[in-house]
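# with the input below, show me the fold.
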Amino acid sequence: MEKFGDFTEATQFTNVQYLGCSQLVNNDNDNEMKALMKVLDEQKGAQTVNVTLVVPHNISGTVRLIDAQEKILSSFSLVNIRFCIRGENSTCQNNCFGISFTQKINVGENNQSDVLHQCHVFRASKSEIAAKALYCFSYAFSNKNVPAVSNRMEFLFESILEIKENDGTMEKPNWKLCPQHNGVFKVRRDREKKIVVQLKQVEGFLLNIKKCFGMLLAAGRNLRHSDLQLLEMQRNETGSDSAVFLIEANWDPRVHMFEVLNTETPRDTRVFMTVAVDVIVLEISEPIRFSMEAMSRVFHEHERFYKTPQTVVSEEFTLVLEKNFDQADLNDRKLTFISLESDSERKRLKQNLGKSPSRMPTQLLHPTGDDESDCDEPLLSGSGKVSQECKEEHLELWNQLINNWDQQSDRPERISELVLDGIPDKLRGHVWQLLANAIDQPDLVEKYLDFLNQPCPSEQVIMRDIHRTFPAHDYFKESGGKGQESLYKISKVYSLYDEEVSYCQGLSFLAASLLLHMPEEQAFCTLVKIMFNYGLRDLFKLGFDNLHLRFFQLTALLKDYIPELSIHLEHIGIETHMYASQWFLTLFTAKFPLQMVFFILDLFLSQGMNTIFHISLALLHDAKTDLLQLDFEGTLKYFRVSLPRKYRTEAATKCLIHKAVKFRLNHSKLQVYEKEYKRIKEQERENEDPVLRMEKEIGRHLANTLRLERENDDLAHELVTSKIELRKKLDVAEDQIETSANAIERLTRQNQDILEENKNLLREYEQIKEMYRRDVLRLEENGSRAEKLLAEYKKLFSERSNRAESERENFEVQKKAIIARISECDKCWPSVCEWEKNRSPVHTASTPIGLDLLTKLEEREDHIKSLEIDLAQTKLSLVEAECRNQDLTHQLMAQSESDGKKWFKKTITQLKEVGSSLKHHERSNSSVTP
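Numbers count the residues shown, from 1 in each chain. The predicted structure is shown next:
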C-alpha cells in the first residue's frame, strides 16, 4: 500500500463498503445526495465491495478506490469533488458518507462536451470513521499549499476545560457545570467534581488519538511534571466530531494533596490550577502531554451562584512533528515528536518565566485587580483609564480641522469619519464645544454667574447626588473638593436655568463628563446646548412621556433586528425600561468606563439622538449569546455588572463603536414607531373614562406626594438614626478609652510591683549565694580535714598492723620454743594440749604468761577489725556528703531565679541537713580516733 503514499501524504480508510455510484441532477443539493445515500444503503447486497479509500492531504492530490488485490478501481482528482455529506446521526445512515464530483464527457456524434454529476456512496464500520473521512476531505480542500521541502510538520490543537460538581447526593448525584468567566472557575469546597477536557485538532491532517492513559491535576502554575497528581479516569473516547477527543476524570478535592484547591479563597484572590492529559497518538512515536492552566475561586460548600453566561476555558497548542522514516518495517513508521508549545507557554517565555526550580508550585495565588471580571459588584461610575496616546499625524490632522472650523464656523465634512476613531483626549473639550455650537456664548456665561448666588430649591437633592457621581475618579473623589464644588455649581445653575426640567439625577453624570474636559462656564454652556439642541431635555419632562416613546422604539427595533433575544427577554419578564433607562437619561455615563463614555459622547455630539439606538442595539447584539442563557435575576445582574466590564479596554470600545455605526438601522422606522406609539396612547385615552383618567392623574400625583413625603421621612429618620448611632459610638469610644486608661494604670502598678519583687528576689538570691559559698568553703575544709584524718588512720593502722604482725611472729617463735621445752615434761604437756583445745580470750591472774600474750593478740585483732569497719563507714559518709553537695549545687543553679521564697526555705533546710550529717560524721570520726 506504500505506493499510494504514506500517512503523511494521504489517509487510508480500510474495510470501507463501496455502496455504488449514481448520477445527480444538482451536485450541490445535499437533500438529493441524502436520498440517494438512503436508497443505496437499503439496497446493499452482494454487489457491495470492500475497498480502501485513499484521501490525499493536498487539494492537488487524487482520491483512489483500491480493492482487496490492491488494484485501483477508480480514481479522480480532488479538485473535481464539489460536495461531501454524511448521514444524519438519528438515521441508519449515520455511518455512511458520500462525495459528489463533476467530470466532462463527450456526447453525440460531434463529440460535444457535457458535464456529468455523480455521487459515490460509502459505508464505514463506525460513525467515527465516517466523520474522520469528512474531516480529511475538508482538510484537503483547505490545504492549497505545495508540500514543503522540510520534513517538519505543524499541527494545531485546541483544548477546552470544564469542571462539573455534584449538586446532589452520593446516592443520587446531579452533575452541573461550574460557572466561570474569563478563565476563573467558581467551585465549592468539599464537593465531588469531574474534570472534562475536550481535545480538538484544528489544523493539519487528522491524527488518530488512541487513548488517554492519565489526567493529572495540581494547584499552581509553571509546574514541573512531577508536581502533578494523577486522577481516576472515567471516560476517554472520540466524540461525535472525529477531530474531538473527550477525556473525563473524577476529582475528590478532599484529598490532602488538593488542600489548596479545597480551601475557601478570599474575595480578592484566585488560586491557579494546572490540568494535564497524557495521550497516545497512533502516528507519533511517543506519548504527548497537553497542559492547561486556569484560575479558580473556592466558595463555601452551600454557596449558590447566579446563572451566568457559560463561556469556555480553552488553550491552543502547536505540535511540531518530524517525518523521519528510516525503519525497514513499513508498519512501524512513526512521526518523531519535536515540540509542543501552548499559547500560555509562549507568553511566559516572552516574559522570561521558566519552570518552577523547586518542588513547590509557583504563583499559587493571584490577586485580583480593581476591575476583576467575575466580581459581583458593578463598576463605579468614573472608573477606567482614558488613553492619552495619539499619533502625531492624527493630532496634526485634527488641529488643522479645528483651525478651519474656527474660521469657517461650518462643520467640516470629514468630522463624522474622524469621530469613529475617537477624538484625541487633548482636543476633546474644544471639539465638543464646536460640535454642540457652545463656543462664545456670553449670554449663557452671564446667566451662569447670575444664578450662582441665587437660592436653589433642589439644593438638598443635588448635594445628595454629587457624592454618587464619578466616585472612582480622583477629581470627584474628595468630599468638598474642587471637582464636587464645580459639579454642584453647574447642577444648581442648570436647575434654575431650566425651570421645567429643574434637576434630575442623570444630569450630574453628563455634567461631570464635561467638567473633565473644560472649565465650569464652558461646561455649563455645552450642557445647555446638549439638553436643548439634541432633544435630551425632552426625556426629563414631567411624566417622562418622551422617554417611554424611546423605550417603545427600542423595543420595536429589538424585535426587528434581534428577534430571538427579544422573545427571550419578553419570556423571562425583562422590560426595556429595566435596563435602558440609564442609557437614555445619562447617555451611558453612569455605569460604563470613562473611555467608552467619551467615545459615545463623541458619536452622540456628531450624529445626534439616533446614536443611542445604534449603541443600544450594538450592546444587545454583543451580549445576545450571554443573555440567552440567563434568567430574570441573572439578566438584571448582567446589565448592571457584567456588560459594562466588557468594554474596559480601548480596543473593545472602538470595536463596539464601529459595530454601532455599521449597524444598518432604518431611521425612517423610528418615525413609524413614533406614530404608532402616539396612536396607541391616543386610543388608550379615547377608550379611557375621563373620570378614571382624572382619578389616575390624581392618584399619580398623590403617589408622587406620598413618595416625596416618604423620602423626606426616610431622610429625617436616617439623620436621626445617624446621630443616635454616632452618639452611641462616641459613648462606646469614651468608655473604651476610660477602660484602657484604667487598664494601663493597673498594669503600670503591677509592673512596678513585679520590678520591686524582682529586686527583692535578686537580693535574696545574692544572700543565699553568699551563704552557700561560705557553707561550701566550710564543707571543703571539713572534707580536707576528714581526708587528713583518714590518711592518719591509714598510717596508724598500717603501723599497728606491722607491729601486730611482728609480735605474732615473735609469739609463734616463742610458742614453738616453749612447747618444745615443755613437751619433754610429762606433767606440763597434757595441760598444754588441753589449753590448745579450750583456748579462751578471758584469762585470769593465774593464767600463764604465754596465755596472756595470746589473749592480747586476739584483742588487737578484734580492734583492728573494728577500725576497718569505722574507716569504711567514714568513707561512705564522705561520699554521701559529696553527693548531697552536688545535688545542692544543681538545685541552686536551676531554681535560684524561679522558685522565690519557697526555694529559699527548701535550700536552708537542705543545708541544715547536710550540716548536721557532717557534724555527726565528725563526732563518729573523733570517737574512732585513739
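
# okay, now the unreliable bits of the stretch 201-350 of the chain?
By pLDDT under 70, the low-scoring segments of the stretch 201-350 of the chain are 267, 306-310, 325-332, 350.

# quick one, helices of the stretch 701-850 of the chain?
In the stretch 701-850 of the chain, the segments counted as helices under DSSP state H, counting those that start in this stretch are 828-837, 849-895.

# the stretch 301-450 of the chain too?
Along the stretch 301-450 of the chain, counting by DSSP H, counting those that start in this stretch, helices occupy 343-350, 392-408, 415-419, 428-435, 442-452.

# which among those helices is found nearest to residue 279?
For residue 279, the closest of the helices of the stretch 301-450 of the chain is helix 343-350, at 17.8 Å, according to Cβ to Cβ. Any C-beta I mention is one placed from the backbone N, CA and C, and that applies to glycine too.

# in the protein, which residue is most central in space?
Nearest to the mean C-alpha position of the chain, by Cα atoms, centre = their mean, lies residue 270 at 2.0 Å.

# who is residue 280 paired with across the strands?
On the basis of DSSP bridges, residue 280 is bridged to residue 211.

# quick revisit: same list, the helices of the stretch 301-450 of the chain, but as JSON lines with mean neighbour count please.
Shown next, in JSON lines, are the helices of the stretch 301-450 of the chain (neighbours: other Cβ atoms under 10 Å):
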{"stretch": "helix 343-350", "mean neighbour count": "13"}
{"stretch": "helix 392-408", "mean neighbour count": "13"}
{"stretch": "helix 415-419", "mean neighbour count": "16"}
{"stretch": "helix 428-435", "mean neighbour count": "21"}
{"stretch": "helix 442-452", "mean neighbour count": "14"}
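
# quick revisit: for the helix or strand containing the residue nearest to the centre of the chain, C-alpha coordinates in PDB please.
In this structure, residue 270 is located in strand 269-281 according to DSSP states H and E. Extracted C-alpha coordinates of strand 269-281, given in PDB (Å, rounded to 0.1, in the frame of the first residue of the first chain):
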ATOM      1  CA  THR A 269      -7.500  36.300  45.400                       C
ATOM      2  CA  ARG A 270      -7.700  33.500  42.900                       C
ATOM      3  CA  VAL A 271      -6.000  30.100  43.000                       C
ATOM      4  CA  PHE A 272      -4.100  28.800  40.000                       C
ATOM      5  CA  MET A 273      -4.600  25.200  38.900                       C
ATOM      6  CA  THR A 274      -3.000  23.100  36.200                       C
ATOM      7  CA  VAL A 275      -4.600  20.200  34.300                       C
ATOM      8  CA  ALA A 276      -2.600  17.900  32.100                       C
ATOM      9  CA  VAL A 277      -3.600  14.900  29.900                       C
ATOM     10  CA  ASP A 278      -1.300  12.200  28.500                       C
ATOM     11  CA  VAL A 279      -2.500  10.800  25.200                       C
ATOM     12  CA  ILE A 280      -1.200   8.200  22.800                       C
ATOM     13  CA  VAL A 281      -1.400   9.100  19.100                       C
END
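
# starting at the chain centroid, how far to it?
With Cα atoms, centre = their mean, to the nearest Å as the basis, strand 269-281 stands 14 Å off its chain's centre.

# that strand vs helix 343-350, what angle?
Comparing the axes of strand 269-281 and helix 343-350 via axes from the mean of the first three to the mean of the last three Cα atoms, to 10 degrees yields an angle of 110 degrees.

# give the next helix or strand downstream of strand 269-281.
With elements assigned by DSSP H and E, the helix or strand that comes after strand 269-281 is strand 288-299.

# and that following strand, what's buried?
For strand 288-299, burial by neighbour count (16 or more other Cβ atoms under 10 Å) applies to 288, 290, 291, 292, 293, 294, 295, 296, 297, 298, 299.

# looking at this, residue 162 is in a strand?
Yes - Residue 162: assigned to a strand according to DSSP: H, G, I helix; E, B strand; the rest coil.

# quick check: it vs residue 213, distance?
The gap separating residue 162 from residue 213 is 21 Å, by Cβ to Cβ, to the nearest Å.

# could you do residue 81 as well?
Distance, residue 81 to residue 213, by Cβ to Cβ: 38 Å.

# those two - which one has more neighbours?
The neighbour comparison of residue 81 against residue 213 (other Cβ atoms under 10 Å) goes to residue 81, with 19 against 12.

# might you list the low-confidence residue ranges for the stretch 51-200 of the chain?
For the stretch 51-200 of the chain (pLDDT under 70), the answer is 106-113, 144-150.

# likewise the stretch 351-500 of the chain?
Using pLDDT under 70, the stretch 351-500 of the chain drops low at 351-377.

# now do the stretch 501-650 of the chain
542.

# just the stretch 801-930 of the chain next, same as before
Using pLDDT under 70, the flagged stretches of the stretch 801-930 of the chain are 835-836, 838-857, 889-930.

# go with 50
Counting by pLDDT under 50, the ranges of the stretch 801-930 of the chain that qualify are 840-847, 849-850, 900, 928-930.

# give me the element the closest residue to residue 622 other than its chain neighbours is part of.
Nearest residue to residue 622 in three dimensions, chain neighbours excluded: residue 656, at 6.7 Å (Cβ to Cβ, 6 or more residues apart in numbering). Here residue 656, judged by DSSP H and E, is contained in helix 650-662.

# could you report the pLDDT at residue 748?
At residue 748, the model reports a pLDDT of 92.

# and it, how far is that from residue 742?
Between residue 748 and residue 742 the distance is 11 Å, computed by Cβ to Cβ.

# same check, this time on residue 131
According to Cβ to Cβ, residue 131 and residue 742 sit 83 Å apart.

# and for residue 514?
Going from residue 514 to residue 742 by Cβ to Cβ gives 58 Å.

# the two: who's more crowded?
Using other Cβ under 10 Å as the criterion, residue 514 and residue 742 rank with residue 514 on top: 26 against 10.

# tell me who's in contact with that one.
Residues near residue 514 by Cβ atoms under 8 Å, 6 or more residues apart in numbering: 429, 432, 490, 522, 523, 526, 527.

# look up the closest residue to it, ignoring the ones flanking it.
Closest residue to residue 514 apart from its sequence neighbours, by Cβ to Cβ, 6+ apart: residue 523 at 4.0 Å.

# so which strand or helix has the one you found?
Taking DSSP H and E as the criterion, residue 523 maps to helix 520-533.

# from the contact counts, what lies against that helix?
Counting by 3 or more Cβ pairs under 8 Å, 6 or more residues apart in numbering; DSSP states H and E, the packing neighbours recorded for helix 520-533 are helix 428-435, helix 442-452, helix 482-497, helix 505-515.

# and the helix or strand just after that helix, what's buried?
Downstream of helix 520-533, the first helix or strand assigned by DSSP H and E is helix 545-561. Neighbour-count burial for helix 545-561 flags 546-547, 549-558, 561 (criterion: 16+ other Cβ under 10 Å).

# what's the answer for stretch 122-139, then?
Residues of stretch 122-139 classed as buried by neighbour count (16+ other Cβ under 10 Å): 122-124, 127-137, 139.

# go ahead and name everything in contact with it.
Outside stretch 122-139, the residues that touch it by Cβ under 8 Å, 6+ apart are 11, 13, 15-19, 41, 44, 48, 51, 53, 55, 57, 78, 81, 84, 86-87, 89, 94-99, 204-206, 208, 238, 240-243.

# over to stretch 86-102?
With contacts defined as Cβ under 8 Å, 6+ apart, stretch 86-102 is touched by 19, 24, 27-28, 33-34, 36-38, 41, 63, 76, 80-85, 115-127, 129-131, 133-134, 137, 240.

# rerun that using 7 Å as the cut-off
In this structure, residues lying in contact with stretch 86-102 by Cβ atoms under 7 Å, 6 or more residues apart in numbering are 24, 27, 33, 37-38, 41, 76, 80-85, 115-124, 126-127, 130-131, 133-134, 137, 240.
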